[in-house]
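Asker: below: sequence and its predicted model.
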Amino acid sequence: MTSPIILLVEDNADDELLTLRAFKKSNVANTIVVVRDGVEALEWLFASGEHSARDASVMPQLILLDLKLPRLDGLEVLRRIRADERTALLPIVVMTSSKQDEDVLKSYQLGANSYVRKPVEFDKFLEAAKSLGMYWLVLNEPARQTPAPKA
Amino acid sequence: MTTASRKLELVAFGFAVALLMFVEYIGRRSAEALVETAGWVEHTHEVIEELDGLLIATVDAETGRRGYALTRDESLLVPYRDAAARAAAHQKRARALTADNPDQSRRLAALEPHVDARLQLLDKAVAAQRAAGHEPQRVANDTLRGHEEMDRVRAGIAELVAEERRLLAERQLRTNQQMTQARWIQLGGSALGVGLLLLVVIRLRRAIVLREESAQLARKNEENLATTLESIGDGVIATDEDARITRMNPVACAITGWTLDDARGRSIDEVFHLVHEVTTNDLENPVTTALKTGSVVEIHDAAMLVSKDGSKRRVADSAAPIRGTEGGIHGAVLVFRDITKTLEDARSLRRAHAFLDSIIDNIPDMLFVKDAQDLAFVRFNRAGEALLGMKREELIGKTDFAFFPPDQAKAFVEKDRQTLRGKQVVEITEEPLTTSKGVRWLHTKKVPVLDERGDPEYLLGISADITERRLAEIVLRASKDATELAHRELEAFSYSVAHDLRAPLRSIDGFSQALLDDYADQLDDQGKSYLNRVRNAARRMAELIDDLLALARVSRSELARGAIDLSALAREVGEIAKRDRNPNAELVVAEGLTTNADPKLVRVLLENLMANAFKFSNKREHARVEVGKTVANGRDAFFVRDNGAGFDLASAKKLFTAFQRYHRPTEYEGSGIGLATAERIVTRHGGRIWAESSPDAGATFYFTFEASENKDK
């Protein structure tokens, strides 16, 4: 088995690249799975559609969720993840460009564990990636869920 | 009593009087007859006495002659001669007494020669005896004749006496008959008199009883009248034919102020003194007029009664003459009441009506009332007249169909019926009305007006002309829609800016950094410097975007005021700004600063002002930023003060306008949006922001959150 998975939901290829780079620079060794829109994120999580071949019992240790996504926006993805008992307890960090009050508020209301604004300066982004990796992948103790029976 | 019975009574009375007079007459006549009879008896006796006297005198004369003849005594001739004289006298008186009776007179006349003859024979005998002594032959002859004559005298007298006696008896019989008749008549008359008397007594008694009864009735009537008068709600005054007061009821006393005892016998003018309401001249008393004209007289419309104490009251009603059964005027009765209050009530009622009318007429909305039955207009106000361009006279009594297009009238009437049927207010928020000035739009409320039984009696309608408002609303709605659209677009724009405009900057910065990191050995210093410039530009642009978003947010977010501990907030914000901009500076925040404002916006305000303060003082050796409260320009104001570069106020007029910068970007970085945002925040609170500064002497920014801040504190 590989190391615990980080699910990165990100439609912007530049951001994807910079995020991966930041994690790499921060020595985060986890497998990072990238999905590029809201629908794909849900299909991956619930092993349906494109990702129906995936082992549904494998869940990510952390989800990094952008809000502005094609097909299904991040807040709706968040709502659906929290609505399903298989994924309800997964740690989700909203990582997005805006720090609009309504985005922040809505995210927390829908059950996000954290809200991080992607800084423009890469240095700060790097710092953020380091902190996130440290906190969520090392310090945080996730809820151990009994794996859901296969569908 | 009827005139017929009166006449009868009069006839009976006359008859009784005549009867009694008749009885009296009969009595008198029988008395007279009695006296007459007695006279006749006397007369008869006198006649008989005279006749007897005549006979006796004749006999005496004979006796005297015989005595003389025997004695020749001359003295005996004296009685003889006397007797002869007596006989003549008796004869004369008898003749007088019987003069009225021809039969007796004839008989007496027949007797007289015999008496005379006898007496002559006697005289002859006496004369012969005296002269010759005795010559018996001749004497014997004469004596024989004398005897014959004497016998005839006796017979004549006897006949006369008998006749007198017969007459007397006859007379007495007649008298007796008369007496009996008179007695019967008297008896009958008396009986009739007694009968009449009894009749009269009976009648009298009956009359007395009747009179008593009528007196009792009159007393009862009087009592009734008195009670009635007492209980009449109107004032009543009765007078005699001279207009002097005889009666007054308590109401009359109360209104005039007179007591009956004081008023009785006084002239009506004194007690019921009327003056004209306006001129205060005396008015002729209706009682006087009624007595004069004999007809009912109304009290003058403008009459005011001056009561005893001088107060004046309005009175009304009339005076009427009192007529007896024969039609004569016995007096007058005046009926009146105090209408002062009634008039006042009527006046105040009129005033209240006028008030209501005036309100209805001055209501700026069209107001109309329709009859519930035929829906014809019964009332209309001025606003309605103006709206329809018609006078109410043209509208009253007609229905909607007389004025409006059929489809409109039908719609109106349908709503009317619905209102009346449901007995509930019906509101028509928008209905068109075709008037002479074109179509007007109305907001109408229709109200059912129910009678006391709860059935609809009228329909009240109130219509506001909303044509202008409707137009304005349409315009407003359009502009609101446009605004909303713009707002939504701005939201979307802001959102898009927040997300999408920053991503490329991140790429620029991130990959520049990647170049510097991964390809440092292939770049010379110049190249690295360029890359750093790229990165700086990206960062500034990120800041600019953030500031613009903040400004947009300040403009469009709702103001949510709350109590703010400004000291704590300034300290928190100040510490961050100090760390970012000038960690060596000194931050001084006054204790106990509080205000009432939108906390989020105040935070943004302080962020901007304090960022500036630290930024522009970062070239000082002892930079100092102070937050406090003071009185400036006559009002309480908070301030943020620094001892930095400062600026020239005169050339800083556009200080609070977006994108206006005082310093060169190379000197002090910044977007030029911060103060614009600060001003927007303060203005949105109704407050003010202003600055004091001069070059190189630091700057102080004052701000208030509401215009009346100093008045409250």
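Answerer: Okay, I see it.

Asker: doesn't B:R95 belong to a strand?
Answerer: No: checked against DSSP: H, G, I helix; E, B strand; the rest coil, B:R95 lies outside a strand; its state is helix.

Asker: where does the residue nearest to it when sequence neighbours are not counted fall, phi/psi-wise?
Answerer: Distances taken as CB to CB, 6 or more residues apart in numbering or on different chains place B:L108 nearest to B:R95, at 5.8 Å, with adjacent residues excluded. All C-beta spots, glycine's among them, are computed from the backbone N, C-alpha and C. Dihedral angles phi and psi of B:L108 (degrees, to the nearest 10) take the values phi -60, psi -40.

Asker: got a list of what B:L108 touches?
Answerer: B:Q91, B:A94, B:R95, B:T98, B:L160 (CB atoms under 8 Å, 6 or more residues apart in numbering or on different chains).

Asker: and of the residues you listed, the nearest to B:M179?
Answerer: If you rank the contacts of B:L108 by distance to B:M179 using CB to CB, B:T98 comes first, at 26.1 Å.

Asker: does the closest one touch B:Q104 like I think?
Answerer: Yes: with contacts counted by CB atoms under 8 Å, B:T98 reaches B:Q104, the gap being 3.9 Å.

Asker: look up how far B:D317 lies from whichever residue of the stretch 301-450 of chain B sits closest to chain A.
Answerer: Closest approach between the stretch 301-450 of chain B and chain A, counting by CB to the nearest CB: B:T429, at 36.1 Å. The gap separating B:T429 from B:D317 is 57 Å, by CB to CB, to the nearest Å.

Asker: okay, the two: which has more neighbours?
Answerer: Remark: of B:T429 and B:D317, B:D317 carries more neighbours, 16 against 10, as counted by other CB atoms under 10 Å in any protein chain shown.

Asker: tell me the contacts of the nearest residue to B:D648 once chain neighbours are set aside?
Answerer: Leaving aside its chain neighbours, B:D648 sits nearest to B:P695 (5.3 Å; criterion: CB to CB, 6+ apart). Going by CB under 8 Å, 6+ apart, B:P695 touches B:A645, B:G646, B:F647, B:D648.

Asker: what about B:P695, which SS state?
Answerer: Going by three-state DSSP: B:P695 is coil.

Asker: can you pull the phi/psi pair for it?
Answerer: phi -50, psi 130.

Asker: hang on, B:Y25 in a helix?
Answerer: Yes: B:Y25: assigned to a helix according to three-state DSSP.

Asker: circling back to that earlier point, my read: the residue of the stretch 301-450 of chain B closest to chain A touches B:H443, true?
Answerer: Yes: the pair B:T429 and B:H443 passes the contact test of CB under 8 Å, sitting 5.6 Å apart.

Asker: list the buried residues for the longest helix anywhere in chain A?
Answerer: Of all the elements of type helix in chain A, the one with the most residues (DSSP state H) is helix A:13-25. Buried residues in helix A:13-25, counting neighbours by 16 or more other CB atoms under 10 Å in any protein chain shown, are found at A:D15, A:E16, A:L17, A:L18, A:T19, A:L20, A:R21, A:A22, A:F23.

Asker: what sits closest to the last one if chain neighbours are left out?
Answerer: Meaning A:F23. Here the residue nearest A:F23, using CB to CB, 6+ apart, is A:A129, at 5.4 Å.

Asker: what's the burial count for B:G510?
Answerer: That count, for B:G510 with other CB under 10 Å as the rule, works out to 27.

Asker: in which helix or strand would I find it?
Answerer: Taking DSSP states H and E as the definition, one finds B:G510 inside helix B:502-518.

Asker: quick one, what contacts B:V200?
Answerer: B:A16.

Asker: name the element it belongs to?
Answerer: Counting by DSSP H and E, B:V200 is found in helix B:136-231.

Asker: now that helix: how far from the chain's centre is it?
Answerer: 81 Å (CA atoms, centre = their mean, to the nearest Å).

Asker: please apply the same query to stretch B:674-692.
Answerer: 75 Å.

Asker: check what pLDDT the residue nearest in space to the middle of chain B gets.
Answerer: Among the residues of chain B, the one closest to the centroid is B:T342, at 4.9 Å (CA atoms, centre = their mean). B:T342 is assigned 85 on the pLDDT scale.

Asker: next SSE downstream of the helix or strand that contains it?
Answerer: B:T342 is located in helix B:340-362, with elements delineated by DSSP H and E. Following helix B:340-362 in sequence order, the next helix or strand is strand B:366-371 (DSSP H and E).

Asker: show me what that following strand is in contact with.
Answerer: B:360, B:376-381, B:383-384, B:387-388, B:395, B:399, B:416, B:442, B:449, B:458-465.

Asker: so how far is the next helix or strand along the chain from it from its chain's centroid?
Answerer: Note on strand B:366-371: by DSSP H and E, the next helix or strand toward the C-terminus is strand B:377-380. Remark: strand B:377-380 is offset 29 Å from the chain centroid, using CA atoms, centre = their mean.

Asker: so which other helices or strands are in contact with strand B:377-380?
Answerer: Counting contacts by 3 or more CB pairs under 8 Å, 6 or more residues apart in numbering or on different chains; DSSP states H and E, strand B:377-380 is packed against strand B:366-371, helix B:392-395.

Asker: the longest one vs helix B:340-362, what angle?
Answerer: Yep, that's strand B:366-371 we're talking about. 120 degrees (axes from the mean of the first three to the mean of the last three CA atoms, to 10 degrees).

Asker: partners of strand B:366-371, with directions?
Answerer: strand B:377-380 (antiparallel), strand B:456-465 (antiparallel) (DSSP bridges).

Asker: with mean pLDDT added, can I get the ones you listed in CSV?
Answerer: Listed next are the strands paired with strand B:366-371 as CSV, based on pLDDT from 0 to 100:
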stretch, mean pLDDT
strand B:377-380, 90
strand B:456-465, 90
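
Asker: you'd agree A:L89 is in a strand?
Answerer: No: read with three-state DSSP, A:L89 is coil and lies in no strand.

Asker: and it, how far from A:S3?
Answerer: Relative to A:S3, A:L89 is positioned 20 Å away (criterion: CB to CB).

Asker: pick out whichever of the two has more residues nearby.
Answerer: Neighbours per residue, other CB under 10 Å: of A:L89 and A:S3, the larger number sits with A:L89, 16 against 11.

Asker: confidence-wise, which helix or strand of chain B is lowest on average?
Answerer: Between all helices and strands in chain B, the lowest mean by mean pLDDT, DSSP states H and E belongs to helix B:709-712, at a mean of 42.

Asker: so what does the lowest-mean-pLDDT helix or strand in chain A touch, helix or strand wise?
Answerer: Every helix and strand of chain A was ranked by mean pLDDT, DSSP H and E. The lowest is helix A:122-132, at a mean of 83. Helices and strands touching helix A:122-132, by 3+ CB pairs under 8 Å, 6+ apart, are helix A:13-25, strand A:114-117, helix B:502-518.

Asker: nearest to B:F656, out of those?
Answerer: Nearest to B:F656 among the helices and strands packed on helix A:122-132 is helix B:502-518 (26.6 Å), distances taken as CB to CB.

Asker: stretch A:100-114 near chain B anywhere?
Answerer: Yes: using CB under 8 Å from any CB of the partner chain, stretch A:100-114 reaches chain B at A:Q100, A:D101.

Asker: what residues does chain A have near chain B?
Answerer: So chain A meets chain B at A:12, A:14-15, A:18, A:21, A:67-68, A:96-101, A:118-123, A:125 (CB under 8 Å from any CB).

Asker: quick one, which of the residues you listed are buried?
Answerer: Judged by 16+ other CB under 10 Å, buried ones among the residues of chain A next to chain B: A:12, A:15, A:18, A:21, A:67-68, A:96-98, A:100, A:118-122, A:125.

Asker: could you pull out the strands in the stretch 601-713 of chain B for me?
Answerer: Along the stretch 601-713 of chain B, counting by DSSP state E, counting those that start in this stretch, strands occupy B:624-632, B:635-642, B:689-693, B:699-703.
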